[in-house]
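Undergrad: Sequence and predicted structure below; questions after.
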Amino acid sequence: MVKGSRALLCGGGGATNVSVIRQALCEFLVCPLSKQPLRYCEETRSLVSEAIGVSYPVVDGIPYLLPQEGKLLDGPQSPNPGDNSTDKSSSMTAG
């Protein structure tokens, strides 16, 4: 945490400072459901709980760690483009 603060106060911004901040945050933040460490994902700009397969968004540098903000990650298998199981279940409940 001290490294992140020092980088903000002494540096002029830049990717290095952002990386230090992310790393410092990940040392302290845990998943609100599993209480396990989170990993920052550059690709999705989110914090990921590997323990339960949930991703929490980071918007404008602010992590949204509310359980209702979490999104389930896809399993290791690739998604089947022909599988519309979510559409089928929603149409069954609709009528």
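TA: Cool, got the structure. Residues are numbered from 1 along each chain as shown.
Undergrad: Show me where the protein dips below the pLDDT cut-off.
TA: By pLDDT under 70, the low-scoring segments of the chain are 1-18, 21, 75-95.
Undergrad: And the strands in this structure?
TA: For the chain, applying DSSP state E gives strands covering 39-41, 46-49, 54-59, 62-63, 71-72.
Undergrad: Could you save these as CSV and add columns showing distance to residue 30?
TA: Placement of C-beta: from N, CA and C, glycine included. Shown next, in CSV, are the strands of the chain (distance: least, Cβ to Cβ, whole Å):
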stretch, distance to residue 30
strand 39-41, 11
strand 46-49, 8
strand 54-59, 11
strand 62-63, 11
strand 71-72, 17
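Undergrad: Pick the most buried one from those.
TA: strand 46-49 (a mean of 22; mean count of other Cβ atoms under 10 Å).
Undergrad: nearest spatial neighbour of residue 47, skipping sequence neighbours?
TA: Spatial nearest neighbour of residue 47, chain neighbours left out: residue 38 (4.1 Å); criterion: Cβ to Cβ, 6 or more residues apart in numbering.
Undergrad: And the strands of the chain: which comes nearest residue 27?
TA: Taking Cβ to Cβ, strand 39-41 is the member of the strands of the chain nearest to residue 27, at 11.1 Å.
Undergrad: In its sheet, which strands sit next to that closest one, and in what direction?
TA: Sheet pairing of strand 39-41 (DSSP bridges) gives strand 46-49 (antiparallel).
Undergrad: Helices of this protein, residue ranges please.
TA: 2-10, 15-28, 85-94 (DSSP state H).
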